[in-house]
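1. Build the 3D model from these lines:
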Amino acid sequence: MPAIRDSARPVIPLRALLLAAVATAGAGRAAAQTVLPDTGTTVEIGSLRQQLEGLLAIGTGGTPAQPGWTVVPSITASQGWSNTGGTGNSSSSWYTLLTPAVLVSANTARLQGTLNYAPVARISESQSGQDQIGQHLNTSTLVTILPEQLFLRLQGFASQQATSGGLGPVNTVDLTRQNTTQSYSGIATPYLRERFGELGTAELGGSYSYTEQNSEANHGVPALNDNTTTTQEYLAFTSGTALERFSINSLASAKQMDGTGVTSNARRDVATVEGGYAITRNITALVKAGYEDIHYSGATPYNVNDAVWSVGTRLTPNPDSTITLRYGHQDGINSATLDASYAPTASTRLYARYSDGLMTALENLQAAVAASELDPLGNPVDPTTGAPLLLTNNFFGTQSNQALYRTKRGSVTGTLLRDRDTFSVTGSYQSRTPLTSTTGSTTTTTSEGVYGSFSWSHNISESFTSLAYIQYGTNSSTAAQAQPAGLTNKKQTTDSLVTSVALRYAFSESLYGSVQYSYTSQFAASGSTPTNLVLVTVRKIF
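-> Numbers count the residues shown, from 1 in each chain. Here you go, the predicted structure:
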């Protein structure tokens, strides 16, 4: 959303303040999500350095976008070979990937935005029934209807990810149709903003969101065919410079959901006020109070009618760093939230996040899309801290919208940009505990996972780049199953290792070629499942 730039002092954008300050999940940008998306950088060869350069620019204010329109079409063709299984029990497949893509940036008086659309057609040459077209989209556009008053924000997202989890990033693995979930999310948010001099700024708005996910059945795992439609109305106010050291952020929001699973006739209504006091220029104390009314359907409907409160602090150790820590009561539970971006040096960034809240799988994705911005390459980032975001994650897999989950999520990402080397390290943790479902407790599953990854990109020369990536983690799930003597818990644990090395050569400024080898192995009680992947790629930018 647009920043308030006509104040006498630097001000964080109103919507970013609301995202950081208000403890409620919502599709509109005025309502912060209670479950924060993971941090993490791309490992696509050739893109890691560009992404980090963009992130460092965000942290230092960046450079102004060029006026007008920029359209960059491209086409990528890849020949892949994949081999799965051990000696005497292996299967191989040859396939072709075709990716026509377009990156569009707009910066005009009435329109600012980015669109990155890259559908992937997979053509199998040795396995029948494995052809598929995957949709991949990131777009965010701000339309100015009346200057400084009336705006419309449009956001869209589409992506494929692993259904079962335990895998590496999308470009290190070949997903079969039976292990692929396609997700979509679209959000429209009109809002009216009014400035009351130095007293503050009020915002009145609403949003309409639609999110869905689809997958095929696989080895006893039922197919996903979930969707959620959300409407939301909100009124928000952020104080200005008149209060000097004090600040006020308030929100009244009503959110209605309808769709499959527990979001049928669900709602989230909340009213909160958060006060801040600047103890010093770098330390602000935060106190919040409010009330919420939450309802989800299910075999046993889940309801929360309770107070909302929190205490916390916001630290700004330097102009490129923001650390916000809170502890309080929201969603009917006591929880802590951390959202931090720290810049030890001009070329180093540390990002850390932790959250604990109640959401369905689709509501979680919907809120993550609504709470993100796009960098110049079309990658999602946090609008407050500039942290790179992973809106979907192959390691944790997908969950059905038939249940409401308490989700604990934490991630830490460190990045370092040198003259010829680019480093990124990520650690991520997630646990999901179902609180209610449409089918009762006999089919609910508790899951927990943790992984660490390291990526290194090295510029051998101006035209020659290498990339190395390694990831290791553990996923476990515990399902409550009906037995003659009653319910019993069945736990399954899988360790996974992902390694990948790649080389890219720039034949010209617009033509690139690369070769990549990836190895994935999953270790469970029943044994290991290794997979080798070789990918030869040519990309042409027009």
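2. the longest helix in the chain is where?
-> Looking across the chain with DSSP state H, the single longest helix is helix 48-59.
3. from the chain's centre, how far out does that helix sit?
-> Once both centres are worked out by C-alpha atoms, centre = their mean, to the nearest Å, helix 48-59 turns out to sit 17 Å from its chain's centre.
4. What of stretch 250-261?
-> Distance, stretch centre to chain centre, for stretch 250-261: 20 Å (C-alpha atoms, centre = their mean).
5. Now it: buried residues?
-> 250, 251, 252, 253, 254, 255, 257, 259, 260, 261 (16 or more other C-beta atoms under 10 Å). Every C-beta, even on glycine, is put in place using the N, C-alpha and C of the backbone.
6. mean confidence for that stretch?
-> Across stretch 250-261, pLDDT averages out at 95.
7. Which elements pack onto the host helix or strand of residue 491?
-> Assigned by DSSP states H and E, residue 491 belongs to strand 486-506. Packing partners of strand 486-506 (3 or more C-beta pairs under 8 Å, 6 or more residues apart in numbering; DSSP states H and E): strand 464-483, strand 511-524.
8. Can you pick out the ones from the buried residues of stretch 250-261 that are in strands?
-> Among those, the members found in strands (DSSP state E) are 250, 251, 252, 253, 254, 255, 257, 259.
9. Distance check, the third one against residue 340.
-> What that stands for is residue 252. 28 Å (C-beta to C-beta, to the nearest Å).
10. burial count for residue 386?
-> Residue 386 sits with 23 neighbouring residues when counted by other C-beta atoms under 10 Å.
11. hang on, it packs against residue 51?
-> No - at 11.4 Å, residue 386 does not count as touching residue 51 under the criterion of C-beta atoms under 8 Å.
12. So, low pLDDT: which residues of the stretch 201-350 of the chain?
-> Residue ranges of the stretch 201-350 of the chain with pLDDT under 70: 219-221.
13. Tell me the gap between the strand holding residue 491 and the middle of its chain.
-> On C-alpha atoms, centre = their mean, the centre of strand 486-506 falls 19 Å from the chain's centre.
14. Lowest mean pLDDT among the helices and strands of this structure, which one is it?
-> helix 14-21 (a mean of 34; mean pLDDT, DSSP states H and E).
15. Quick check: mean pLDDT of the next helix or strand after that helix?
-> Heading C-terminal from helix 14-21, the first helix or strand you meet, by DSSP H and E, is strand 38-39. Mean pLDDT, strand 38-39: 92.
16. Could you do stretch 93-110 as well?
-> On average, stretch 93-110 scores 95.
17. Pull stretch 502-513 out as PDB, backbone CA atoms only.
-> The C-alpha coordinates for stretch 502-513 follow below in PDB (Å, rounded to 0.1, in the frame of the first residue of the first chain):
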ATOM      1  CA  ALA A 502      24.700 -26.300 -11.100                       C
ATOM      2  CA  LEU A 503      26.700 -24.300 -13.700                       C
ATOM      3  CA  ARG A 504      25.300 -21.500 -15.800                       C
ATOM      4  CA  TYR A 505      27.000 -19.800 -18.700                       C
ATOM      5  CA  ALA A 506      25.900 -16.500 -20.300                       C
ATOM      6  CA  PHE A 507      26.300 -16.700 -24.100                       C
ATOM      7  CA  SER A 508      25.100 -13.100 -24.400                       C
ATOM      8  CA  GLU A 509      23.100 -10.600 -22.300                       C
ATOM      9  CA  SER A 510      19.900 -12.400 -23.200                       C
ATOM     10  CA  LEU A 511      20.900 -16.000 -23.800                       C
ATOM     11  CA  TYR A 512      21.800 -18.400 -20.900                       C
ATOM     12  CA  GLY A 513      22.500 -22.100 -20.600                       C
END
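18. residues in contact with it?
-> Residues from elsewhere that reach stretch 502-513 (C-beta atoms under 8 Å, 6 or more residues apart in numbering): 45-46, 462-467, 514-517, 536-542.
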